[in-house]
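Enquirer: Let me see the structure of the following:
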Amino acid sequence: MGDTGPTGPVMDRDEVDRALARLGAEHEAIETSLLALQDHAGRRLLEGAELTGVTAERWGTAEASITLLWTYFDAYTAALRSAREIRSRRRWSSREDLVELTELLRGEAVTLASGAAAIANAPTPHGGPGRLSERYSLVTLVDRMNQLYATSLDMVVAADAVWSALPARIDLLAAELQRTRKLAHSVGVRPGEHPAGDDLERITRTLTRLREQVISDPLAFWTPARGSSAPGGGRPDTTVYDREARALEEVRREIDAVLAVRQDAEQRIVRLRDVLSRADRTLAEARTARGEVLAKIAATEVPVVGGPPIVLQEQLAAAAEYRRHAQWHRLSPLLESLEEKAEDELLRARESLTAVTAPLAVRAELRGRLDAYKAKMARLGHAEDPELAEKYEKARRMLWSAPCDLRVAEQAVLRYQHAAAELLGTARRVPGQGGPVDRTGPGA
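Expert: Numbering: from 1, shown residues only. Below is the predicted model of the structure:
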């Protein structure tokens, strides 16, 4: 048809039927979406929750948007019903019917109070102060409903995603926290007495506060996905939860270490007593040896031998008390420190014994060397040589008399060794002497 009306060319019957079919399909899709939104678990939770912060602010806007959505939908439904009624009047619509249908389907035929859009802060097609109503086309209504639905669904899905993810995880972590607190208490890890006990108290307070915040303001823990326009695009922000979960794991490892101490504390204390006892015996041996050295060796410096480690014995007694009273959190670091110090003390005692007995070792080496050369000379038939026998006796008197001057005794042994070498005719220079020394050794 070539006729025109206020909204442009008048639609023919086929155009009207196609438009009604399209609008009917849109109506059905919109109704399905609105009912799904109405029944959404997140929306029901939001409706009944005591909200705070950004969630309270956005839910106020979303509620107004949902109300406006139904207002738009009802108006859309009424307009579509009216169009269907006009089309159904007669099989072949008259020109007057087609003009009316064209105005209804293409024109701004839907009138709503101007305050409706303002409820949801929605822009109006003909906004302006002083207007009591606004007019919309069906196309405009569909666009507005799609926009409002997307923003409302985005808010509902985001809140529901946070509520579905975080509270359950927080509850599981809180349950683990309670088990850890009981275990910590059983091994003496308590607030004010051990850092791990203080950490458990802090984690408890943080998780309690976090759960309250998540329940009342879930959107404060939502991170939207960058570049995503789909409703609910993003993920829950688990930063605080993850941090406390790691802190609890660290505390649990520390308590496990304390538990390990409880299991083998007695054996470790027994080993410590043994190490310190060996150190004491070694020091006692060193003190005895020092007296022997001072009596038997002349003209030599003998280091002073220290006494037993009184502090370590006191700490060992404290460790036994900690074990007796199940103060494992105090016993654990003390045992580690004691084990290191006890090994150091045993090493110090052994070094002291070695240093004190060094002159006796030198004397024993000289005695052994002298007797080895005498045996060699006897084996070679020179045992009765007068000069060699005289030098041997001088060296022997020096080495077997007390106190023994090691420096003089060593020179006597070297003279005997030199005389033996000359007698054998295999002389080489003796270190420290002007003459030769035998390099073939006493067993040659």
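
Enquirer: which stretches of the stretch 201-350 of the chain form helices?
Expert: In the stretch 201-350 of the chain, the helices defined using DSSP state H, counting those that start in this stretch lie at 239-296, 310-324, 328-379.

Enquirer: need those in a markdown table with mean neighbour count and mean pLDDT, can you?
Expert: Where C-beta positions appear, they are placed from N, C-alpha and C, glycine not excepted. What follows is the helices of the stretch 201-350 of the chain, written out as a markdown table (neighbours: other Cβ atoms under 10 Å; pLDDT from 0 to 100):
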| stretch | mean neighbour count | mean pLDDT |
| --- | --- | --- |
| helix 239-296 | 16 | 87 |
| helix 310-324 | 15 | 86 |
| helix 328-379 | 17 | 86 |
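
Enquirer: so which of the ones you listed comes closest to Val157?
Expert: Across the helices of the stretch 201-350 of the chain, Val157 has its closest neighbour in helix 239-296 (20.2 Å, Cβ to Cβ).

Enquirer: Could you tell me the angle between that closest one and helix 310-324?
Expert: Orientation check (axes from the mean of the first three to the mean of the last three Cα atoms, to 10 degrees): helix 239-296 against helix 310-324 gives 140 degrees.

Enquirer: Which other helices and strands does helix 239-296 contact?
Expert: Packing contacts for helix 239-296, counted by 3 or more Cβ pairs under 8 Å, 6 or more residues apart in numbering; DSSP states H and E, involve helix 138-186, helix 195-216, helix 310-324, helix 328-379.

Enquirer: what's next to the shortest one, contact-wise?
Expert: With Cβ atoms under 8 Å, 6 or more residues apart in numbering as the test, helix 310-324 has contacts from 265-266, 269, 272-273, 276, 327-328, 330-331, 334-335, 337-338, 341-342, 345.

Enquirer: what distance separates it from the centre of its chain?
Expert: With Cα atoms, centre = their mean, to the nearest Å as the basis, helix 310-324 stands 33 Å off its chain's centre.

Enquirer: low-confidence ranges in the protein?
Expert: 1-8, 114-132, 227-230, 299-300, 426-444 (pLDDT under 70).

Enquirer: buried sites along stretch 45-60?
Expert: For stretch 45-60, the neighbour count (16 or more other Cβ atoms under 10 Å) marks Leu45, Leu46, Ala49, Leu51, Thr55, Arg58, Trp59 as buried.

Enquirer: ok, back up a step: any chance of the helices of the stretch 201-350 of the chain in a markdown table, with distance to Val10 too?
Expert: Listed next are those as a markdown table, based on distance: least, Cβ to Cβ, whole Å:
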| stretch | distance to Val10 |
| --- | --- |
| helix 239-296 | 62 |
| helix 310-324 | 99 |
| helix 328-379 | 90 |
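
Enquirer: who wins for proximity to Arg90 among these?
Expert: Judging the helices of the stretch 201-350 of the chain by Cβ to Cβ, what sits closest to Arg90 is helix 239-296, at 67.1 Å.

Enquirer: tilt between the closest one and helix 328-379?
Expert: Using the same axes, to 10 degrees: helix 239-296 against helix 328-379 is 30 degrees.

Enquirer: and the gap between the residue nearest in space to the middle of the chain and Thr239?
Expert: For the chain, the residue nearest the mean C-alpha position is Arg246 (4.5 Å; Cα atoms, centre = their mean). Going from Arg246 to Thr239 by Cβ to Cβ, to the nearest Å gives 11 Å.

Enquirer: Please report how far the residue lying farthest from the centre of the chain lies from Gln417.
Expert: The centre of the chain is farthest from one residue, Pro386, which by Cα atoms, centre = their mean lies 84.8 Å away. Pro386 is 17 Å from Gln417, where distance means Cβ to Cβ.

Enquirer: Repeat that for Val275.
Expert: Using Cβ to Cβ, Val275 is found at 44 Å from Gln417.

Enquirer: and what of Arg235?
Expert: In this structure, Arg235 and Gln417 are 90 Å apart, going by Cβ to Cβ.
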